[in-house]
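*Asks:* sequence and predicted structure below; questions after.
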Amino acid sequence: MGLLISGRMLVLTLIVIFVVSMNVLLYLSRTRRFRIRKHAAIDAMGEAVSRAVELGRPVIMSPGIGGLYSTKYAADTAAGLAVAGYISKEFVAPMKAELIVPVSSGETLPVLENIVQQGLAAGGAPELYKPHETVRFVATTQMAYAAAYVGILYREKVASTIMVGLFAGEVSMLCEEGARCGCFQVAASTNVYQIPLMICMVDYMMFGEDMMAATAWISDDPGQITTIISNDILKLIGIAAAWIGAILVTFGIDALRTFWGTF
Amino acid sequence: MNNETIGLLIQGFIILAAFSILYKDNPVFKFTENLYVGIALANWVIVGMDRTYKLGIKPAMAGNLLLVIPLILGAASYLMYSRKYNWIGRIPLSMMAALGLAFSARGLMTINFIGQIKAMMVPLTNWENVLSIVGATLAILYFFYSVEQKGPMGSLTTVGRWFLMLAMGAFLSQSLFMYCTNVIGSVQNLLEPPAYMLIPVAVALVAIDAVVSKMGIYWRSSK
Amino acid sequence: MEMREIYVYAAFTMGVLGLLEYFFNVPFIGAIVGNFQNWIVIMSSVMLGMGAYNNLSFNISKIKNKRRGWAYSIVCVVSFVLMMLLGLYVKLDIQRPEWFFWYNNIATTASSALWAIALFYIVSAAFRAMRPRNLDAAILLMSAVLVIFNNAPVAGAIHPALPAIGAWTFKLAAETGMRALLIGIAIGVTSLGLRVIMGREKRALGGFD
Amino acid sequence: MSWLDKVTRDPRPLYIITLIVLVFPLINPIALPIPISDWTRGMYDFIEDMAPEERILLTGHWGYRYGELYPQFLAVLEHCARKGVKIVILDGSPETPTFTQAAFKELSIPERLEYGVDYIELGYLPGGEVMIAGLCANFYSIVQKDYFGNLLSEMEITTDIKDIRDFAAVIVFTGSADSQSWLNQAYAPYGVPVGHSLYAAKVVDSEAYFRAGAIFGIINGLRGSAEYELLINRPGVGASMMGSASLVHLLVIFALALGAVAFLQQKMQGRA
């Protein structure tokens, strides 16, 4: 066994390419401004909040059932946290809406409390933050979370919901009860088993990479926007490799395919 | 009545209460929801205490002083509530999040990116393989953010979207069987004696409520 | 270096170590990351208190102020307290029958019953939401129907070719759309992860600037 | 407002139909024409060809009364019991023993089985793949007593076991990586045939092994157990659950079609 672990070097190479291209683009962005496509769901979040204000009813922002640490879905929670900060600053505070953030993980709770509180303060409405109420820890396990969420939907007469984070088997309950209560729903997730259900049940959906790109878009930070362009570069590399590999395999040359899996 | 019978009755009650949300939000569901939330929370705290003691405090007392670090880090996170020291509280939380993100990134790159691109390298000898690689390429084009989806790029991504929607429909149906298994399990549990004796009670309650609320509508409209 | 920014450096250190451990065979880094992974279990157990405190104070304030639905908050608090007492009585051993009886009959049953309702929601969503409003939705609908034909054993009795068509649709879906989705997720997660680790996305760590 | 619009706003009639469709086949099992797959056929043929005195190891976590695994386990157990095969049970998780004992009570011929002679239950052994490797190499190094505390060396069925080669086959009932562990530890080094009885979602991973001949059969989720019940001619939980599931699938197609009709109706009235 050497220093390098074979079979994993390709990932390392790709990450290095990513970091380098990100920094090059960041350097270039001093002189020219890069843009990325805006997802319609970002505007829909604003629409969700304004609808709630019009109706005089609260809006739910759910960061999902994930914790901060997860070996597969950590990014979902991270995106949920970023979006929670964004909407509380950009929409909730200026429009003076009532926000409810149901949480299901002990370690995410203080982070969310911090973000929402600071976001509301940054938006100019610190009085909207009520301790233990705006951000509430509702339940621990996923189905208890779902039951409590549905309880909030019915009893607080929620007007719209924004769901960004990790969602698993409980989405059908959350989204369908939301629709029954007449909520306007915006959702985002990367859980491929649940995306099909969510896409049918909600009004606006960001699936897969859309969610991660949206977190960069809302930051309005050139340093984040350039990473999304680096994403596109990685995808181009992937597509090119796939086509070259496929053509080579067609002519009986297996070299790239073998290299891709074992480097 | 032995423990098993009582257990089955409790289970029957809980199942019916959970199913009652399909009718509407009602006191029985509210009761069960709060009961369940309370018990789940207690379970979680007890498990947490058990883990803290068995994995942390006990070995630390036995001399494994390294384990004092996580205990301190965990306790430090409570400083998040202090206005002055909340920068300390953030440190353990940030470390957890960062490690999780590093693990997610490396794992998904290996399995989802490298693995799927490798699976795309198929010999282009039959039209099915050609379709699969073309379809995958178009669907990936949908996820390009630096180009607006207009003009020729727009038409390509539209086709890409079709392939994505194809996958959504297919995977939705594929998961249907799993949902069937789950619901049948619960219904079977409910049909077990003596739990099924609760079913008529529930049906009667729903019927009474339906009649009463219908009458309420008539009263209101007649006023 | 400002004290308030230390968490960004802590995240950077941990994130980079987590990545390096995967690529390089350095026992020292492996030991740090491995230990930290085990510690996370202890750390998050210690952190549980915040969640329980938040939930209880919400419910207790609801009871105190007699806000709507306060009676149900009593149910929640009382069941929590009783269960905690039981937990202390069994000396935190959740394998004991006294504990198992209540936990299994109430919490496990409630969990599986709520899981079970999902099917009802899928049926209503099939009717309400999966309508051929546009071409995208129509494609989704078609592929959903075809794949059901693959799974439902009755379909073979309707026409013998239906399961084969369904199986083919599923294979195509998995090889095109699902593949693109998975690749996108991998890259998206990596980019968000690296953004957070490199201190670009501070919101995900609780910082707000 | 047409009734379709009403149902769109208030889906409760759909819920009632779903409930009826679910419950009806559970009370009155309906015979469905299920084609028997090669996977299930492989499993059935293997057990059918076993000699009565051969030993079989059944292991897994059928720890949920109406999950996918319990009906499979029950069907296989019934088949083994009818053939007079000696059954050794290794529970896959701490909850499993309850269900193991329940399954033995549900057999059609419980009185022909004698504990310690025809079957034995080892209980749950922790340790994952390491434990499995140890068990395969040296049976008594891992387990000395059965679930009830009896010494295995004094039981007729286990007294002469040395290693995994004293078993004619291993059947794993699982949805986790255990299926792979047994393949690695029993089939690869010792050549003991392994069969998989799996959650439907797990079957994809095992299919390649079946085609390569490494495993002799697969029971594929609920559907597999319904097929197996058909083969041993004992319609049970699997068959009735399969009936329910099939009807639900048809109901979903019906709901989709109805939704499309409602949409077209709206469109014609110019409301969409």
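*Replies:* Here it is on my side, so go on.

*Asks:* how about the closest residue to A:L26 other than its chain neighbours, secondary structure?
*Replies:* Nearest residue to A:L26 in three dimensions, chain neighbours excluded: A:T226, at 5.1 Å (CB to CB, 6 or more residues apart in numbering or on different chains). Every C-beta, even on glycine, is put in place using the N, C-alpha and C of the backbone. Classification of A:T226 by DSSP: H, G, I helix; E, B strand; the rest coil places it in helix.

*Asks:* which residues of the chain fall in helices?
*Replies:* Let's take chain A. A:9-28, A:40-55, A:74-87, A:93-95, A:108-122, A:142-155, A:171-180, A:195-201, A:209-219, A:222-250, A:255-262 (DSSP state H).

*Asks:* can you look at chain C instead?
*Replies:* C:6-23, C:27-64, C:70-89, C:97-102, C:109-128, C:135-151, C:155-158, C:162-175, C:177-197.

*Asks:* can you name every helix or strand that the third one contacts?
*Replies:* With contacts taken as 3 or more CB pairs under 8 Å, 6 or more residues apart in numbering or on different chains; DSSP states H and E, helix C:70-89 sits against helix B:27-51, helix C:27-64, helix C:97-102.

*Asks:* which of those sits closest to A:A240?
*Replies:* helix C:27-64 (32.8 Å; CB to CB).

*Asks:* any idea how far D:L58 is from the residue nearest to the spatial centre of chain D?
*Replies:* The centroid of chain D falls nearest to D:Q72 when counting by CA atoms, centre = their mean (2.8 Å). D:Q72 sits 10 Å away from D:L58, going by CB to CB, to the nearest Å.

*Asks:* for D:P11, same thing?
*Replies:* 43 Å.

*Asks:* any idea how far stretch A:146-166 is from the chain center?
*Replies:* 18 Å (CA atoms, centre = their mean, to the nearest Å).

*Asks:* try stretch A:79-90
*Replies:* Counting by CA atoms, centre = their mean, stretch A:79-90 comes out at 10 Å from the chain centroid.

*Asks:* do it and chain C meet?
*Replies:* Yes. Stretch A:79-90 comes into contact with chain C (CB under 8 Å from any CB of the partner chain), by way of A:79, A:81-82, A:85-86, A:89.

*Asks:* would you put the C-alpha positions of that stretch in CSV?
*Replies:* Provided in CSV are the C-alpha atoms of stretch A:79-90 (Å, rounded to 0.1, in the frame of the first residue of the first chain):
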residue,chain,number,x,y,z
ALA,A,79,-29.0,24.0,1.8
GLY,A,80,-32.0,24.1,4.1
LEU,A,81,-30.1,26.2,6.6
ALA,A,82,-28.9,28.6,3.8
VAL,A,83,-32.5,29.0,2.4
ALA,A,84,-33.9,29.5,5.9
GLY,A,85,-31.5,32.4,6.4
TYR,A,86,-32.3,33.8,2.9
ILE,A,87,-36.1,33.7,3.2
SER,A,88,-36.2,35.2,6.7
LYS,A,89,-34.0,38.1,5.6
GLU,A,90,-35.4,38.7,2.1
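
*Asks:* tell me the average confidence for that stretch?
*Replies:* Taken as a whole, stretch A:79-90 has a mean pLDDT of 93.

*Asks:* need phi/psi at the nearest residue to B:V28 once chain neighbours are set aside.
*Replies:* Excluding its sequence neighbours, the residue lying closest to B:V28 (CB to CB, 6+ apart) is B:A17, at 4.8 Å. Main-chain dihedrals, B:A17, degrees, to the nearest 10: phi -60, psi -40.

*Asks:* wait, B:A17 touches B:D25, no?
*Replies:* No. Taking contacts as CB atoms under 8 Å, B:A17 lies outside contact range of B:D25: 11.8 Å.

*Asks:* looking at the two now, which is surrounded by more residues?
*Replies:* B:A17 (24 against 17; other CB atoms under 10 Å in any protein chain shown).

*Asks:* which secondary element of chain A has the worst mean pLDDT?
*Replies:* When each helix and strand of chain A is scored by mean pLDDT, DSSP states H and E, helix A:255-262 comes last, with a mean of 86.

*Asks:* any buried residues in that helix, and which?
*Replies:* Buried residues in helix A:255-262, counted by 16 or more other CB atoms under 10 Å in any protein chain shown: A:256-257, A:260.

*Asks:* just the C-alpha atoms of stretch D:17-31, please, in PDB.
*Replies:* C-alpha atoms of stretch D:17-31 as PDB (Å, rounded to 0.1, in the frame of the first residue of the first chain):
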ATOM      1  CA  ILE D  17     -62.200   3.100  -2.100                       C
ATOM      2  CA  THR D  18     -58.500   2.600  -1.300                       C
ATOM      3  CA  LEU D  19     -59.400   1.100   2.100                       C
ATOM      4  CA  ILE D  20     -62.000  -1.300   0.600                       C
ATOM      5  CA  VAL D  21     -59.600  -2.400  -2.100                       C
ATOM      6  CA  LEU D  22     -56.900  -3.000   0.500                       C
ATOM      7  CA  VAL D  23     -59.000  -4.900   3.000                       C
ATOM      8  CA  PHE D  24     -61.200  -7.000   0.800                       C
ATOM      9  CA  PRO D  25     -58.500  -9.300  -0.500                       C
ATOM     10  CA  LEU D  26     -57.100  -9.700   3.000                       C
ATOM     11  CA  ILE D  27     -60.400 -11.100   4.300                       C
ATOM     12  CA  ASN D  28     -61.300 -13.000   1.100                       C
ATOM     13  CA  PRO D  29     -58.100 -14.100  -0.500                       C
ATOM     14  CA  ILE D  30     -58.400 -14.000  -4.300                       C
ATOM     15  CA  ALA D  31     -56.600 -16.400  -6.500                       C
END
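
*Asks:* so who does the residue nearest to A:L26 touch?
*Replies:* By CB atoms under 8 Å, 6 or more residues apart in numbering or on different chains, the contact set of A:T226 is A:22, A:25-26, A:29, A:34.

*Asks:* now swap in A:P94 and tell me
*Replies:* A:123-125.

*Asks:* gap between C:I185 and A:F167?
*Replies:* 14 Å.

*Asks:* cool, A:L174 as well?
*Replies:* Taking CB to CB, one finds A:L174 at 7 Å from A:F167.

*Asks:* looking at the two, which is more packed in?
*Replies:* Shown here are A:L174 and A:F167; by other CB under 10 Å, A:F167 has more neighbours (31 against 27).

*Asks:* rewinding a little: comparing D:P11 and D:L58, which residue is more hemmed in?
*Replies:* D:L58 (27 against 23).

*Asks:* would that one count as being in a strand?
*Replies:* Yes. Under three-state DSSP, D:L58 falls within a strand.

*Asks:* right, and it touches D:K86 too?
*Replies:* No. Using CB under 8 Å as the test, D:L58 is too far from D:K86 to be in contact (11.0 Å).

*Asks:* ok, C:E175 - contacts?
*Replies:* B:119, B:132, B:135-136.

*Asks:* could you check the pLDDT of it?
*Replies:* 90.
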